[in-house]
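Peer 1: Kindly return the folded structure for what I paste below:
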Amino acid sequence: MAFKIGPLTIHLYGIIIMLGALAAAWLASVEAKRRGENPELVWDILLWVLIGGVIGARIWHILTPPASMVAEGITTRYYLTHPLAAIAIWRGGLGLPGALMGGLLAFYLFARARKINFVLWLDIAAPAIALAQSIGRWGNYVNQELYGAPTNLPWAIYIDPEHRLPKFADKAYYHPLFFYESVWDLLNMALLLYLARKHGDKLFTGDLFLIYLMVYSFGRFMLEFIRLDRPTFGSFDVNQVLMGIVAVGSAAALIWRHRNGAPAPQRPKRRRR
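Peer 2: Next comes the predicted model:
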């Protein structure tokens, strides 16, 4: 879905993504101030994360195109031999796992350049990342993508015939998978904010980000069961396998840290007035 302003074509999907990024930056600045860190730093970080996130998201899509695109001949090999198609993000094709990895790498490079505590800032950013994901998923709604299996449930969404997979061309209503994930991400954000405020004295630096990873990955793992258009490698759903590994790994890391004693909990600093 898009509209024109003079010679410019504005895609509603892009606007929603930007709104999610701005809302996330605002929330991160609030958290930074609460912890005694410089909230203005968030707006410097935002540009780095957006660039890294878009690049990572596109690379992930190129490496793991969904089954419907593979059936049309748009494979990783196709992208590698058609560089203009590989960079044409305005035609769609961004993978959220890649966006997270690319954004984190850019964030790490920024933290090294500015000599700030990367792990502490991951905790600051964790609820904000969940908020950005929750808002960004509504871009899938306007594009009529990321829907689940056909269903007759009262909250099913109608998908136009041109956006249906050929195998389900006769099915009109589907699970709003984007909405399920949006709600899950919003609940993840609320949980992280609650833990940071009510139990922050019991958390080690880095715990909040591990909890974010654990909760997000578990939810995404479960939702993949009703997703139709999955990127696969052989008989495996690439996203589901990755999310399963991340969920188990982050949970194991969290348990190990508290059994073996991680660095002392990070308490908010008092800002000078």
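Peer 1: Any buried residues in stretch 179-199, and which?
Peer 2: Across stretch 179-199, burial judged by 16 or more other C-beta atoms under 10 Å covers 179-182, 184-186, 188-189, 191-193, 195-196. C-beta coordinates here come from the backbone N, C-alpha and C atoms, glycine included.
Peer 1: nope, stretch 88-101 is what I meant
Peer 2: Here stretch 88-101 shows Gly93, Leu94, Gly95, Leu96, Pro97, Gly98, Ala99, Leu100, Met101 as buried, counting by 16+ other C-beta under 10 Å.
Peer 1: Ok, stretch 248-255 next?
Peer 2: For stretch 248-255, by 16+ other C-beta under 10 Å, it's Ser250, Ala251, Ala253, Leu254.
Peer 1: Widest-spaced pair of the residues you listed?
Peer 2: The largest distance within the buried residues of stretch 248-255, taken as C-beta to C-beta, falls between Ala251 and Ala253 and amounts to 7.3 Å.
Peer 1: okay, and the common contacts of these two?
Peer 2: The contact sets of Ala251 and Ala253 overlap at Leu210 (C-beta atoms under 8 Å, 6 or more residues apart in numbering).
Peer 1: Show me the shaky parts of this structure.
Peer 2: Filtered on pLDDT under 70, the chain yields the residue ranges 1-9, 90-92, 261-273.
Peer 1: in it, which spans are strands?
Peer 2: Per DSSP state E, the chain carries strands over the ranges 2-5, 8-11, 157-158, 173-174, 232-233, 236-237.
Peer 1: Identify all contacting residues around the last one.
Peer 2: Going back to what we said before, that points to strand 236-237. Contacts for strand 236-237 (C-beta under 8 Å, 6+ apart): Glu224, Arg227, Arg230, Pro231.
Peer 1: Would you confirm that Met214 contacts Ala252?
Peer 2: No: look at Met214 against Ala252 with C-beta atoms under 8 Å: they stay out of range, at 9.4 Å.
Peer 1: My guess is Tyr212 contacts Leu195. True?
Peer 2: No: between Tyr212 and Leu195 there is no contact under C-beta under 8 Å: 10.0 Å.
Peer 1: Find the residues that touch each one of these two.
Peer 2: What both Tyr212 and Leu195 touch, as defined by C-beta under 8 Å, 6+ apart, is an empty set.
Peer 1: ok, Leu46 - how many residues close by?
Peer 2: By other C-beta atoms under 10 Å, the residues close to Leu46 number 18.
Peer 1: And it, how far from Ala106?
Peer 2: Remark: distance between Leu46 and Ala106 (C-beta to C-beta, to the nearest Å) = 10 Å.
Peer 1: what sits in contact with each of these two?
Peer 2: Counting by C-beta under 8 Å, 6+ apart, no residue touches both Leu46 and Ala106.
Peer 1: follow-up on the earlier one: select from the contacts of strand 236-237 the one having the most neighbours.
Peer 2: Pro231 (22 neighbours).
Peer 1: what's the closest non-adjacent residue to it?
Peer 2: Thr64 (3.6 Å; C-beta to C-beta, 6 or more residues apart in numbering).
Peer 1: and what of Val49?
Peer 2: Of all residues not flanking Val49 in the chain, Gly103 sits nearest, at 4.4 Å (C-beta to C-beta, 6+ apart).
Peer 1: surely Val49 meets Tyr108?
Peer 2: No: if you go by C-beta under 8 Å, Val49 and Tyr108 don't touch, sitting 10.4 Å apart.
Peer 1: Which one of these two is surrounded by more residues?
Peer 2: Neighbour count, other C-beta under 10 Å: between Val49 and Tyr108, Val49 has more, with 26 against 15.
Peer 1: Run the chain-centre distance for stretch 206-216.
Peer 2: Centre-to-centre, stretch 206-216 and its host chain are 13 Å apart (C-alpha atoms, centre = their mean, to the nearest Å).
Peer 1: Is Gly136 in contact with Ile17, as I believe?
Peer 2: Yes: the pair Gly136 / Ile17 is scored as a contact, 5.2 Å apart, by C-beta under 8 Å.
Peer 1: quick one: contacts for Gly14?
Peer 2: Contacts of Gly14 by C-beta under 8 Å, 6+ apart are Gly139.
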